[in-house]
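Student: Predicted coordinates and the sequence they were generated for:
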Amino acid sequence: MDLYSLGLLDTLRAYREGRATVQDYVASCSQRITALEPRIQAWEWFDASRAMAEAEERAGGILGDLPLFGIPVGVKDIIATRGIPTRYGSRIFASNVPVTSAWIVRRLEALGGLVMGKTVTTEFAFRQPGKTRNPWNTAFSPGGSSSGSAAAVAAGFVPIAIGTQTLGSVIRPAAFCGVVGYKPTFGAISRTGIHPFSATLDTVGVFARSVADAAWFGACLMGPDLRDEVTQTRGPEKILRVPLEPLATAPRLAVVRTPKWHLASEAQKANFDASLQKLAEAGAPIREVHLPKLFDDAWETVMTILARDAVRSFMLIESRHRMVLCLAGGQTPRRLYQLLADSARPWRATNTPVNRSRTGAIRTPACRFIRSTGRRASQRRAASCRSRRSCSTCRTSAAAATRTSRR
C-alpha cells in the first residue's frame, strides 16, 4: 500500500509500530504531488526539499509521543507562515513573506506537525476562484474559498489540512471534493495571524479523510489565545482535547431545514434524509427543529454583518493598493467595492450630510478611515488610519488635510 493513502491516525500508528518513518511518509506524499499537482493545482506554494528537511528534523523517537508527530499539513494561504510566502490569493501580495507564523501554525508545529505547503485560496477568501481543480473531475469546481486544502486532502497530497470559513468555505469544498470538513464552534480555534474577512463570522476549520482524523486534528488546534479574545469568551466550554475520550452517551442532533431548504435539489434532499437515517440507526436521538419567523431574514442579516466587517478588513488594503487591484483586473476589487458601498448606505442615512466644498477630510464611522477630498493629488490619499500615530505617511497626509480644511 502506498503510504500517502494513510490518514492521520493510521500514519501515527505506522510510526509507532515501525512500519514507516516520517521521511518515508513525506517522500510518498511528495511523489504523489509531483504526479498529480500539474492537473489539480492545489498548492500556492510547495517545496519538496523543504518538506523533506522538515521531516528529517522530526526523525527519531524524541518527539514520537506528540499528537501530530511527523504529520504533513496543508495550510490555507491566508494563514501566516514564517519564512514561507503568504499571498492571500492576490497578486498584490505575491512577494509577501511573514516573519511570524499564525497561532495555529505554531501550535501544530509544537505538537510535532510540519507545514507541507500553502494551499490555494480564492482571492482574500472571497469569491474570485483560484486555479485549483476538483480531484475527481477537473472540469468541476473544488468549491471555495478553501479550495486547495480540500483538494489536497482528497488527492492524497496530505492527510489533513487547515481552512477557514466565513459562510461555507470549509463545508462546501469538503462536500465538493468528497472529504470530511469540520467547522467547529466559533471561538474554539484561534484566528491570530489569519487575514480577516469578518471578525464576527470567521472560524478556522479542518479537512481530513475520516471523521476520526478530523476530530483528532481539530482537538489539537483548539485552545485559548490571549490575542484572540473570542477563544477566551466563546471557546473554552466546547473544545475537544487529545487523546479523545469516547462519548458517554450518543449526541443529540437537531435537524434544521432552513428557509433556503426549497433551493436544494431532490437528490440533495434524499442524501440528507439518508444520512439522518444512518445516524438514527447508530443510536443518535434526532429531533426536527422548526425555526421561528424571525429567521426568514437571517441570510440578509448575515450579509449585512459581512459587508460591514469587510469594510474594516479591506478598506486599508483597497486604499493602499487601489491601482494594483485595478490593473490586476480581477473580480474581487469590484465585489469589495460593492460591499463597501452597500455598507455605507446606513451611515449616509443616519449622518449629517457633509459640505465637501468646505471639508478637507471625511471621517467614516465604519472604520475610522479619513480620506482627503482636496484638489491636490497628495491630498486625495488616505489621510489617517488606526495606526496613524506610528505611520509617517498617515501623519503627513493628515496634516495636509487639516491645512486644507482650515483654508
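Tutor: That came through fine.
Student: all contacts plus neighbour counts: C-alpha atoms, from now on.
Tutor: Fine.
Student: who's in contact with Val256?
Tutor: Glu288, Val289, His290, Leu291 (C-alpha atoms under 8 Å, 6 or more residues apart in numbering).
Student: Tell me which entries of the residues you listed lie within strands.
Tutor: Judged by DSSP state E, strands contain the following of the contacts of Val256: Glu288, Val289.
Student: Filter the contacts of Val256 down to just the buried residues.
Tutor: The neighbour-count test (16 or more other C-alpha atoms under 10 Å) marks none of the contacts of Val256 as buried.
Student: so, if you compare the contacts of Val256, which one comes nearest to Pro259?
Tutor: Closest approach between the contacts of Val256 and Pro259, by C-alpha to C-alpha: Leu291, at 8.5 Å.
Student: rewinding a little: between the contacts of Val256, which is nearest Leu8?
Tutor: Set against Leu8, the nearest of those by C-alpha to C-alpha is Glu288 (34.1 Å).
Student: need the contacts of Val256 in a markdown table with distance to Gly187 and pLDDT, can you?
Tutor: Shown next, in a markdown table, are those (distance: C-alpha to C-alpha, whole Å; pLDDT from 0 to 100):
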| residue | distance to Gly187 | pLDDT |
| --- | --- | --- |
| Glu288 | 26 | 96 |
| Val289 | 24 | 95 |
| His290 | 26 | 93 |
| Leu291 | 24 | 92 |
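Student: okay, among the contacts of Val256, which ones form the most distant pair?
Tutor: The most widely separated members of the contacts of Val256, counting by C-alpha to C-alpha, are Glu288 and Leu291 (9.8 Å).
Student: Flag the shaky bits of the stretch 251-400 of the chain, pLDDT-wise.
Tutor: Applying pLDDT under 70 to the stretch 251-400 of the chain flags the ranges 323-400.
Student: What ranges does the stretch 101-250 of the chain have for its helices?
Tutor: 103-110, 147-154, 171-177, 211-221, 230-233 (DSSP state H, counting those that start in this stretch).
Student: Please export the C-alpha coordinates of the fourth one as PDB.
Tutor: C-alpha atoms of helix 211-221 as PDB (Å, rounded to 0.1, in the frame of the first residue of the first chain):
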ATOM      1  CA  VAL A 211     -14.300  11.800  10.900                       C
ATOM      2  CA  ALA A 212     -11.900  10.400  13.500                       C
ATOM      3  CA  ASP A 213      -8.900  12.200  11.800                       C
ATOM      4  CA  ALA A 214     -10.900  15.500  11.700                       C
ATOM      5  CA  ALA A 215     -11.800  15.200  15.300                       C
ATOM      6  CA  TRP A 216      -8.300  14.500  16.400                       C
ATOM      7  CA  PHE A 217      -6.700  17.300  14.300                       C
ATOM      8  CA  GLY A 218      -9.400  19.800  15.400                       C
ATOM      9  CA  ALA A 219      -8.800  18.900  19.000                       C
ATOM     10  CA  CYS A 220      -5.100  19.500  18.600                       C
ATOM     11  CA  LEU A 221      -5.700  23.100  17.300                       C
END
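Student: gap between the closest residue to Gly178 other than its chain neighbours and Thr122?
Tutor: Distances taken as C-alpha to C-alpha, 6 or more residues apart in numbering put Ala154 closest to Gly178, at 6.8 Å, once the chain neighbours are dropped. From Ala154 over to Thr122 the distance is 18 Å, taken as C-alpha to C-alpha, to the nearest Å.
Student: With Leu201 instead?
Tutor: From Leu201 across to Thr122, the span is 17 Å (C-alpha to C-alpha).
Student: Neighbour count: those two, which is higher?
Tutor: Neighbour comparison, Leu201 and Thr122: the larger count goes to Thr122, with 26 against 16 (by other C-alpha atoms under 10 Å).
Student: pretty sure the more buried one is touching Ser145, no?
Tutor: Yes - in terms of C-alpha atoms under 8 Å, Thr122 counts as a neighbour of Ser145; the distance is 5.0 Å.
Student: Now do the shared contacts for the two.
Tutor: In contact with both Thr122 and Ser145: Pro129, using C-alpha under 8 Å, 6+ apart.
Student: coming back round to it: out of the contacts of Val256, which is nearest to Ile239?
Tutor: Nearest to Ile239 out of the contacts of Val256 is Val289 (C-alpha to C-alpha; 24.3 Å).
Student: got a list of what that closest one touches?
Tutor: For Val289, counting by C-alpha under 8 Å, 6+ apart, the contacting residues are Ala254, Val255, Val256, Arg257.
Student: ok, of these, which one's closest to Pro196?
Tutor: Val256 (28.5 Å).
Student: Centre of the chain to stretch 278-291, how far?
Tutor: 30 Å (C-alpha atoms, centre = their mean, to the nearest Å).
Student: Please report the distance of the spatially closest residue to Ser141 that is not a sequence neighbour from Ser5.
Tutor: Ranked by C-alpha to C-alpha, 6+ apart and with sequence neighbours excluded, the top spatial neighbour of Ser141 is Asn134, at 5.4 Å. Distance of Asn134 to Ser5, computed by C-alpha to C-alpha: 18 Å.
Student: In terms of neighbours, single out the busier of those two.
Tutor: Asn134 (26 against 21).
Student: For the more buried one, grab phi and psi.
Tutor: Torsion angles at Asn134 (phi, psi; degrees, to the nearest 10) stand at phi -70, psi 130.
Student: where do the strands sit along the protein?
Tutor: So, for the chain - with DSSP E - the strands run 43-46, 72-76, 114-119, 160-165, 180-182, 203-208, 253-256, 286-289, 361-364, 369-372, 382-384.
Student: Good, wrapping up.
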